[in-house]
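Participant: I would like the atomic coordinates for the input below:
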Amino acid sequence: MTERDALHARIAASIQGAITAPERDALLFEVARWQAAHNPVFARLCRARKVSFALPLVPEAWPAIPTDAFRYARVATWDDPSLDIRTFRTSGTTSGARGAHPSRDLSLYDLAAERAARDFLFGPRRMRLAMLAPHPDEAPDSSLSYMLGRFVSWFADQVTWCWREGTLDLAALRAALDASVRDGAPLAILGTSFAIVHADDALAPDERWRLPPGSLAMPTGGFKGRSREVDPAEMRALIASRFGLDPTRDVIGEYGMTELSSQMYEREGRLDVLAWVRATPVDPDTLRPVRDGEIGILRIDDLANLDTAVSIQTADLARVGSDGRLTLIGRAPGATPRGCSLAIEEALGRSGR
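Facilitator: The predicted structure is shown next:
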């Protein structure tokens with residue numbers, strides 16, 4: 001068994017079973033040490049920061065790879081792109097560059113996605129699903145579409161794809177909603193925030209449903225490049241009013257990103273951090289952890305990212321509460337935070353430091 005295979009087995013067991021915070025941090029160190037020897041982007045960043053893995057380190061002692069680095073470099077622990085079984089890509093930026101997250105093995109992604117969704121969305125049941133996002137065949141490079149496709153295998157007893165060829169299929173959505181109410185069968189509405197708002201705009205004001213108990217909605221993603229944006233509280237109220245759901249219990253936001261392999265879910269405006277994930281707000285300039293309760297830009301250490309980057313630096317503002325749950329504040333305004341900008345240069349080997 002290779003070192004990579006041994007780490008994979010330990011991470012899989014942690015996702016499927018249980019792991020304490022000290023055990024998680026110790027395993028994060030071992031993965032980071034292995035990645036420093038096999039991921040050229042991470043290795044350059046560690047050299048620039050003079051980080052040595054000769055002795056055990058706490059996670060904040062090694063650098064995280066900024067999400068923007070995925071736009072300019074291949075972030076992976078294997079060199080041969082022919083071994084990639086899938087590459088997830090970001091939605092793009094005004095410059096046209098798209099971040100790319102290659103995969104040679106999606107088994108940890110699948111374990112993490114199923115465990116989190118079972119714990120926070122579905123429980124042990126199967127139910128009807130209405131998808132307001134592209135089918136995986138239409139968007140093979142979308143991590144969200146891939147995840148929703150896996151949800152069909154794990155959780156669906158019936159599924160309706162309501163977003164086809166970039167267009168809302170309003171008739172299909174109405175049919176799924178009507179059938180759920182008629183049959184008394186709970187329905188899960190899953191999709192992008194933009195698509196859900198678009199559906200709400202397209203429906204007549206008096207078209208409202210009271211979905212059966214056990215129904216839920218999972219909005220995810222932002223509104224980049226869209227004409228109308230809705231804040232999270234308004235989104236919950238909009239969904240609850242249109243579909244007859246409890247806004248605090250039945251509307252469960254999802255937080256994920258192309259560069260990660262794990263997703264977190266929101267209850268009452270705060271995210272539950274998964275046992276195999278470490279979420280740390282850090283100072284935008286120094287990238288060091290801020291004090292408890294303070295706002296920083298969110299660093300995420302994700303054990304499921306074994307083959308790419310176990311430590312990711314986002315530009316999302318966040319605060320961690322005394323209960324360990326995470327409050328997202330929004331994106332850091334303006335230009336890329338100074339600490340992230342410097343880390344990108346170091347990761348790409350362009351820094352003069």
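Participant: Need the residues that contact the worst-scoring helix or strand of the chain on mean pLDDT.
Facilitator: Least confident element among the helices and strands of the chain, by mean pLDDT, DSSP states H and E: helix 338-347 (a mean of 71). Helix 338-347 has contacts (C-beta atoms under 8 Å, 6 or more residues apart in numbering) with 41-42, 44-45, 48-49, 63-66, 68-69, 72-73, 282-287, 297, 313, 315, 335-336, 351, 353. To be clear about C-beta, it is placed using only N, CA and C from the backbone, and glycine gets the same treatment.
Participant: residues touching residue 262, list them.
Facilitator: Per C-beta under 8 Å, 6+ apart, neighbours of residue 262: 112, 113, 116, 256, 274, 276, 277, 302, 303, 304, 305.
Participant: which residue packs closest to it, ignoring adjacent ones?
Facilitator: Counting by C-beta to C-beta, 6 or more residues apart in numbering, residue 262 lies nearest to residue 112, which is 4.3 Å off, once chain neighbours are set aside.
Participant: Make a markdown table out of the contacts of residue 262 and add secondary structure.
Facilitator: Formatted as a markdown table, the contacts of residue 262 follow (DSSP: H, G, I helix; E, B strand; the rest coil):
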| residue | secondary structure |
| --- | --- |
| 112 | helix |
| 113 | helix |
| 116 | helix |
| 256 | coil |
| 274 | coil |
| 276 | coil |
| 277 | strand |
| 302 | strand |
| 303 | coil |
| 304 | coil |
| 305 | coil |
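Participant: Let's have those residues in a markdown table, adding neighbour count and distance to residue 216.
Facilitator: Output for the contacts of residue 262, formatted as a markdown table (neighbours: other C-beta atoms under 10 Å; distance: C-beta to C-beta, whole Å):
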| residue | neighbour count | distance to residue 216 |
| --- | --- | --- |
| 112 | 26 | 20 |
| 113 | 24 | 17 |
| 116 | 24 | 14 |
| 256 | 18 | 17 |
| 274 | 23 | 19 |
| 276 | 27 | 24 |
| 277 | 24 | 22 |
| 302 | 27 | 25 |
| 303 | 27 | 27 |
| 304 | 27 | 24 |
| 305 | 26 | 27 |
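Participant: Closest one to residue 163 out of those residues, please.
Facilitator: residue 256 (17.6 Å; C-beta to C-beta).
Participant: tell me the contacts of the closest residue to the closest one other than its chain neighbours?
Facilitator: The spatial neighbour of residue 256 that comes closest, neighbours along the chain excluded (C-beta to C-beta, 6+ apart), is residue 263 at 3.8 Å. Contacts of residue 263 were listed using C-beta under 8 Å, 6+ apart, and they are 112, 113, 116, 117, 147, 254, 255, 256.
Participant: closest to residue 322 among those?
Facilitator: residue 255 (20.0 Å).
Participant: For stretch 194-203, buried residues please.
Facilitator: For stretch 194-203, burial by neighbour count (16 or more other C-beta atoms under 10 Å) applies to 194, 195, 196, 197, 198, 199, 200, 203.
Participant: what about residue 157, helix or strand, and which?
Facilitator: Element membership of residue 157 [criterion: DSSP states H and E] is strand 156-161.
Participant: Give me the contact list for that strand.
Facilitator: 126-131, 135, 152, 169, 172-173, 175-176, 185.
Participant: switch the cut-off to 7 Å
Facilitator: Strand 156-161 is contacted from outside by 126, 127, 128, 129, 130, 131, 135, 152, 172, 176, using C-beta atoms under 7 Å, 6 or more residues apart in numbering.
Participant: Likewise for stretch 232-244?
Facilitator: Counting by C-beta under 7 Å, 6+ apart, 189, 193, 196, 200, 208-211, 217, 219, 230, 245-247, 251, 253, 269 sit against stretch 232-244.
Participant: Taking these, please make a PyMOL selection of just the buried ones.
Facilitator: In PyMOL, a selection of the buried entries from the contacts of stretch 232-244 looks like this (16+ other C-beta under 10 Å):
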select buried, resi 189+193+196+200+209+211+217+219+230+245+247+251+253
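Participant: In helices only, show me the contacts of stretch 232-244.
Facilitator: 193, 196, 200 (DSSP state H).
Participant: For residue 81, state which of the residues you listed is nearest.
Facilitator: Using C-beta to C-beta, residue 193 comes nearest to residue 81 of the ones in helices among the contacts of stretch 232-244, at 32.6 Å.
Participant: Residue 229 is in contact with the closest one, correct?
Facilitator: No - the criterion here is C-beta atoms under 7 Å, and residue 193 misses it with residue 229 at 8.7 Å.
Participant: Break the protein into its domains for me.
Facilitator: 3-73+271-347, 108-255 (automatic domain parsing).
Participant: Tell me which of those lies nearest to residue 101.
Facilitator: Taking C-beta to C-beta, domain 3-73+271-347 is the member of the domains of the chain nearest to residue 101, at 6.1 Å.
Participant: Show me how far that closest one is from its chain's centre.
Facilitator: Remark: domain 3-73+271-347 is offset 14 Å from the chain centroid, using C-alpha atoms, centre = their mean, to the nearest Å.
Participant: Please tabulate the contacts of strand 156-161 in JSON lines, including the columns secondary structure and neighbour count.
Facilitator: Converted to JSON lines, the contacts of strand 156-161 look like this (DSSP: H, G, I helix; E, B strand; the rest coil; neighbours: other C-beta atoms under 10 Å):
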{"residue": "126", "secondary structure": "coil", "neighbour count": "11"}
{"residue": "127", "secondary structure": "strand", "neighbour count": "21"}
{"residue": "128", "secondary structure": "strand", "neighbour count": "22"}
{"residue": "129", "secondary structure": "strand", "neighbour count": "22"}
{"residue": "130", "secondary structure": "strand", "neighbour count": "26"}
{"residue": "131", "secondary structure": "strand", "neighbour count": "27"}
{"residue": "135", "secondary structure": "coil", "neighbour count": "18"}
{"residue": "152", "secondary structure": "helix", "neighbour count": "16"}
{"residue": "172", "secondary structure": "helix", "neighbour count": "16"}
{"residue": "176", "secondary structure": "helix", "neighbour count": "22"}
